[in-house]
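Trainee: Sequence and predicted structure are below.
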Protein chains: 2
Amino acid sequence: MSLPLGYRYSSGYAGIRKQESNDVALIVPDGGPAAAAAVFTTNQVQASPVRISRQHLKASKGKVAAILVNAGNANCATRTGDRVALASCKAVAKSLKTKPKHILPASTGVIGVELDPKLLVDAVPKLVAGLSAEPRAFEEAARAILTTDTRMKVASEEVVFRDGKVSVAGMTKGSGMIHPNMATTLGFVMTDAAIQPRDLSAMLQRTTQQSYNSLTVDGDMSTNDTVVLLANGASRVRLNERERKTFEEALCWVMECLAEQIAADGEGARKLIVVRALGFKTDEEARRIARAIANSPLVKTAVAGSDPNWGRVLAAAGYSGVVFDPLKTDIHLQQELVCKGGLAADFDEDALKEKLNEDRVDIRVTLRGRGKGESRFFTCDFTEGYIEINGSYRT
Amino acid sequence: MSLPLGYRYSSGYAGIRKQESNDVALIVPDGGPAAAAAVFTTNQVQASPVRISRQHLKASKGKVAAILVNAGNANCATRTGDRVALASCKAVAKSLKTKPKHILPASTGVIGVELDPKLLVDAVPKLVAGLSAEPRAFEEAARAILTTDTRMKVASEEVVFRDGKVSVAGMTKGSGMIHPNMATTLGFVMTDAAIQPRDLSAMLQRTTQQSYNSLTVDGDMSTNDTVVLLANGASRVRLNERERKTFEEALCWVMECLAEQIAADGEGARKLIVVRALGFKTDEEARRIARAIANSPLVKTAVAGSDPNWGRVLAAAGYSGVVFDPLKTDIHLQQELVCKGGLAADFDEDALKEKLNEDRVDIRVTLRGRGKGESRFFTCDFTEGYIEINGSYRT
């Protein structure tokens, strides 16, 4: 795995999780604050680290010297949340000789349980001492932020420009509804490209729309969702306008890859589902169609059972709120035409059932003669395991 | 069970279901067409019986001589759907010596599979010959329309006015996502009150909002959902304005009772969940809050596991789209305060877990100092059984 230049990573066990496995991670750009942008949950209920990170990004005008992440406690809906998040930022800032406004905190875990600030603060010196640029340190940090995830989730890409090479690498966590969390998604993407905070923010907005915002496992949205993008310029490569576009494509690829891994690792999930809607009036209409299908428990259970039940796909599109003519609608499952003009197509059910056993299932809804709007959504199938995991997580 | 005067019921096996159990039912008001009103699915994809029923209600100005219901096939998304529905209406009209526009068809079952019209048409003479006003005939009809429902769902109420007694009785089917259906809900409510079609329609709109439209099992909406209300005036009781209000309350009670039974019988469900939102700016805001909570798979799995996880309730409210202050929000589970002002309240977790084992779970979200808007939603818990039933229904 090729990592961007000029970042160090560290992780450790702070005693926040009950079982002893790493629960804190630190990401530090070398040489002081890097350009940064972030997107946060739009939930009305926002965890303290989300509020504090927003404030710090604003106060520092998008300059971040470290990201401190913990798993095991969301630091949300508690009496002391803001104080805890601030105390941990201060400890990191002191240790790195920078200001607290340059530190972003991020948390994932149970809601409504007080988090002892001492646990975080005491972990900082060891984390800072352990910082390393090695891929192993990057991966250990990626593992420390996981909760019910069954797999570490990382992705990287590099692009060679006339001036030299630029790299992007990211780590993420999230597996739908997360135990003992609230479906929290965290993502941290680092690049050694040189990009100003304002441009970085626009890039992150666009690529998030194509990746994390096109991901649904159960429709629930967490109080802690956070994606941060850092650009430290360590590659010393200057990008012209055309190259910047190429870079954004690489960034988007990394973020899509991270989002896909979350969908594929949905709680209890066995299959990644990719829903595409094509031919709608606008991208936004296509998006509403794709999201309704991706959110439908009936569609997701049918995929779990390898059941080519296109009626459920059509019905989910029908209640999406988008006005369209079912008689001009085609549906493909695994590239096989199953519904033509709103009616059953002639397909080999047994052969298609076999294809639906694969670990990636493609659902495509195409409207004829309406427009060029299109969209894509990632989700996963819905199995018994999901219920097991979420039914009794505190017991 | 006290039934309204002047209705007869019949049921039989037409060969639409694979296993031999009754799959057609007929409801007939005595003495020709009765005043009628109906509400239908708002899904963009509408089954043929829904389209034909709309047309017939309009053409007849709300006068219905019979409702013909079948289970086992939704008569939706097929080449011949409209012709099949019309042929069945004609057969019933001929047998009852009335016009096809006075017949409403309703279907529930698999989508996209052609329905042989002969099966329905051939069943009609026997259905008409078997019509009976006996409670047993009413209940047999209520059983014939079931699909994966585990229980027959009926309700009735009577009100004594100064001029005499008026009765309301209803039957319904639906258990969330229905096998081999698409979550279809059908409801048929009969009264012997004398009410004009226009007034009846307004009453049905209001009472549906309080009952069937406050019901969610999985957020999916069927292509076939239909609720019909008939009023034949056979009681010969004339209602003044005040009495009409009392009658509407009785009607609402019957419809709520039917909707509750559907929620309680959700596929794989063990518990009825009643979500109430109080103190919001408007009823509509409260409704969005209650619906988001009732639709949250995380909340529904927590209830299945008797887990007093109020964080999930708060987070679901948070992504409902309604702007509110979490710090002014209280949450009660089974009348126990678990979250006060957005923070954990002091409650006995073991005692509450015990209470959450009951077969009805109340969730109440109260906002302080904002308004008087309130709403209530019915749903059910989310268990492994749901996945089993829906994962492989065509296999």
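Mentor: That came through fine.
Trainee: Which element, helix or strand, includes the residue lying farthest from the centre of chain A?
Mentor: Largest separation from the mean C-alpha position in chain A: A:Asp346, at 38.3 Å (Cα atoms, centre = their mean). Here A:Asp346, judged by DSSP states H and E, is contained in no helix and no strand.
Trainee: Return the distance of the one residue in the stretch 101-250 of chain A that gets nearest to chain B relative to A:Asn240.
Mentor: Closest to chain B within the stretch 101-250 of chain A is A:Ile111: 3.1 Å, counting by Cβ to the nearest Cβ. Placement of C-beta: from N, CA and C, glycine included. As for A:Ile111, its distance to A:Asn240 is 46 Å (criterion: Cβ to Cβ, to the nearest Å).
Trainee: what about those two, which has more around it?
Mentor: Ranked by neighbour count (other Cβ atoms under 10 Å in any protein chain shown), A:Ile111 and A:Asn240 place A:Ile111 first, with 27 against 11.
Trainee: how far away is that one from B:Ala290?
Mentor: The gap separating A:Ile111 from B:Ala290 is 20 Å, by Cβ to Cβ.
Trainee: Now do stretch A:57-74: distance to the chain's middle.
Mentor: Centroid separation between stretch A:57-74 and its chain, computed with Cα atoms, centre = their mean, to the nearest Å, is 16 Å.
Trainee: pLDDT on that stretch, on average?
Mentor: For stretch A:57-74, the mean per-residue pLDDT is 97.
Trainee: do the same with stretch A:234-246
Mentor: 94.
Trainee: and the end-to-end length of it?
Mentor: Its start and end residues considered, stretch A:234-246 measures 18 Å (Cα to Cα, to the nearest Å).
Trainee: Name the residues that touch that stretch?
Mentor: Stretch A:234-246 is contacted from outside by A:4-7, A:29-31, A:159, A:161-167, A:192-195, A:199, A:247, using Cβ atoms under 8 Å, 6 or more residues apart in numbering or on different chains.
Trainee: Does A:Ala231 touch A:Arg198 like I think?
Mentor: No. Using Cβ atoms under 8 Å, A:Ala231 is not in contact with A:Arg198; the gap is 11.6 Å.
Trainee: The two: which is more packed in?
Mentor: A:Ala231 (31 against 12).
Trainee: where's that one relative to A:Arg238, distance?
Mentor: 13 Å.
Trainee: rewinding a little: and the contacts of stretch A:234-246, which of them are in helices?
Mentor: Of the positions in the contacts of stretch A:234-246, A:Asp199, A:Phe247 sit in helices, assigned by DSSP state H.
Trainee: Which among the contacts of stretch A:234-246 count as buried?
Mentor: The neighbour-count test (16 or more other Cβ atoms under 10 Å in any protein chain shown) marks A:4-7, A:29, A:159, A:161, A:166-167, A:192-195, A:247 as buried among the contacts of stretch A:234-246.
Trainee: and those residues as CSV, adding distance to chain B?
Mentor: CSV is the format used below for the buried ones among the contacts of stretch A:234-246 (distance: Cβ to the nearest Cβ, whole Å):
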residue, distance to chain B
A:Pro4, 33
A:Leu5, 38
A:Gly6, 37
A:Tyr7, 32
A:Pro29, 32
A:Val159, 36
A:Phe161, 40
A:Val166, 36
A:Ser167, 35
A:Asp192, 35
A:Ala193, 33
A:Ala194, 36
A:Ile195, 31
A:Phe247, 32
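Trainee: what's the closest non-adjacent residue to A:Leu352?
Mentor: A:Pro308 (4.7 Å; Cβ to Cβ, 6 or more residues apart in numbering or on different chains).
Trainee: Report the contact partners of that neighbour.
Mentor: For A:Pro308, counting by Cβ under 8 Å, 6+ apart, the contacting residues are A:Ala302, A:Leu333, A:Glu336, A:Val338, A:Phe347, A:Glu349, A:Leu352, A:Lys353, A:Leu356.
Trainee: May I ask which of these comes out lowest in pLDDT?
Mentor: Among the contacts of A:Pro308, A:Ala302 has the weakest pLDDT, 88.
Trainee: Who's the closest spatial neighbour of that residue, skipping the chain neighbours?
Mentor: A:Asn309 (4.2 Å).
Trainee: neighbours around the one you found, how many?
Mentor: 27.
Trainee: Test my guess that it contacts A:Lys300.
Mentor: No. If you go by Cβ under 8 Å, A:Asn309 and A:Lys300 don't touch, sitting 11.1 Å apart.
Trainee: wait, does stretch A:200-217 contact chain B?
Mentor: No. Applying Cβ under 8 Å from any Cβ of the partner chain, one finds stretch A:200-217 separated from chain B by no less than 9.1 Å.
Trainee: list the buried ones in that stretch?
Mentor: A:200-201, A:203-204, A:207-217.
Trainee: Then stretch A:54-67?
Mentor: A:His56, A:Leu57, A:Ser60, A:Gly62, A:Lys63, A:Val64, A:Ala65, A:Ala66, A:Ile67.
Trainee: Tabulate those (a markdown table), appending secondary structure and distance to B:Glu260.
Mentor: Listed next are these as a markdown table, based on DSSP: H, G, I helix; E, B strand; the rest coil; distance: Cβ to Cβ, whole Å:
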| residue | secondary structure | distance to B:Glu260 |
| --- | --- | --- |
| A:His56 | helix | 49 |
| A:Leu57 | helix | 48 |
| A:Ser60 | coil | 54 |
| A:Gly62 | coil | 53 |
| A:Lys63 | strand | 56 |
| A:Val64 | strand | 52 |
| A:Ala65 | coil | 56 |
| A:Ala66 | strand | 53 |
| A:Ile67 | strand | 49 |
